[in-house]
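[1] Curious how this folds, go ahead:
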Amino acid sequence: MKRFKSVSKKKKIQRKIIIFLLEIIISLLIVIFIKNNFKLSEDKIKYLTYSYLGKMERKKEEIKVFNERAPNVYIYNTHQTEKYAYNKVNSYNLDYDVYFASFILKSYLTDFGILSTVEDEKVSKVLSDKGLTYKDSYLASRFLLEKAKENNNDLKYFIDLHRDSASYEMTTCNFDGKSYAKILFVLGMEFEGYGENEKMINYLNEKLKSINSCLSRGVSKKSGKGVNGIYNEDFDKNLILIEVGGQYNNIKEVSNTLEIFAKILSLYINEGNNEKT
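    Numbers count the residues shown, from 1 in each chain. Predicted structure coming up:
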């Protein structure tokens, strides 16, 4: 009887060792995949890989200082769980969603000398804490916006990154041998002063089209029954909502587009357009 228990215990230990080794191999494969496909820093590769695998807790109050400067771009996702197309790495529980895309944008902005921070507090938790439902997501992200601004007065630009649910043909652009996820700019028109936000949107949209007209799906102006009509854009004249691709786009297409978007956003910031509006 003792021998039977000893063998059973030994098998359990062996099974745990095998599972542990498999997890390490899977993690390494994911890191290699990300390195080969995206321009992300070593720290961000670790952050993304292990946080999605549940191996690392996300840091709270992430406001990092680089060259003695605080971030001045705040990237967030009112609908954090909007996912992109599945692919082979999803079998490793690495979900490609708009939250993941926000870190890709952050990395590209860093390449262009623009410091940014990504909101990592869960909108779903804010909704739960405040007794709200999913339809109140913009109220929840408004709370996060106010909190972020209170914690960092240097924040001047606010990007709410979404993805659309349109067809692949409608959300995809191809040129120079690459596939891109198109960008749709959303402008709420049910608040006084929306014209200031429109100036920023128009600048970015025209710059995007100047690179290739197919990259932009234009500006969707929202007002009337059945739409939000504000989208928190009344919070600041430099707050915009963008829909990058759709549910059928893969993360590489999204990454290709975000590199271009980071470039034109850095041009907007460096040219001081916010001071001219």
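[2] drop to CA atoms for contacts and neighbour counts, all remaining ones
    Will do.
[3] which residues in the chain form helices?
    2-37, 42-52, 98-111, 123-129, 137-151, 168-171, 194-211, 251-270, 273-276 (DSSP state H).
[4] With respect to Thr81, which of these lies nearest?
    helix 98-111 (6.9 Å; C-alpha to C-alpha).
[5] what angle do that closest one and helix 251-270 make?
    Inter-element angle recorded for helix 98-111 and helix 251-270: 50 degrees (by axes from the mean of the first three to the mean of the last three C-alpha atoms, to 10 degrees).
[6] For helix 98-111, which outside residues touch it?
    Contact partners of helix 98-111, identified using C-alpha atoms under 8 Å, 6 or more residues apart in numbering, comprise 38-41, 44, 48, 75-77, 79-84, 115-118, 161-163, 251, 254-255, 258-259, 262-263, 266.
[7] One more: stretch 206-221?
    171-174, 180-189, 201, 205, 257, 260-261, 264.
[8] so Leu161 bridges to which residues?
    With DSSP bridges applied, Leu161 shows beta-bridge pairing to Ile242.
[9] quick one: it from Gly246, how far?
    Separation of Leu161 from Gly246 (C-alpha to C-alpha, to the nearest Å): 12 Å.
[10] repeat for Phe103
    Taken as C-alpha to C-alpha, the span from Phe103 to Gly246 is 18 Å.
[11] With Leu267 instead?
    26 Å.
[12] what about the two, which has more around it?
    Gly246 (26 against 17; other C-alpha atoms under 10 Å).
[13] quick one, what contacts that one?
    Contacts were defined as C-alpha under 8 Å, 6+ apart; by that measure Gly246 touches Tyr84, Arg163, Asp164, Ser165, Ala166, Ser167, Tyr168, Thr171, Ala181.
[14] Separate out the buried members of the residues you listed.
    Among the contacts of Gly246, those classed as buried by 16 or more other C-alpha atoms under 10 Å are Tyr84, Arg163, Asp164, Ser165, Thr171, Ala181.
[15] Those residues in strands, which ones?
    Arg163, Asp164, Ala181 (DSSP state E).
[16] Tell me the one of those residues nearest Pro71?
    Arg163 (24.1 Å).
[17] excluding its backbone neighbours, what's nearest the closest one?
    Computed as C-alpha to C-alpha, 6 or more residues apart in numbering, the closest residue to Arg163 that is not its neighbour in sequence is Glu243, at 4.5 Å.
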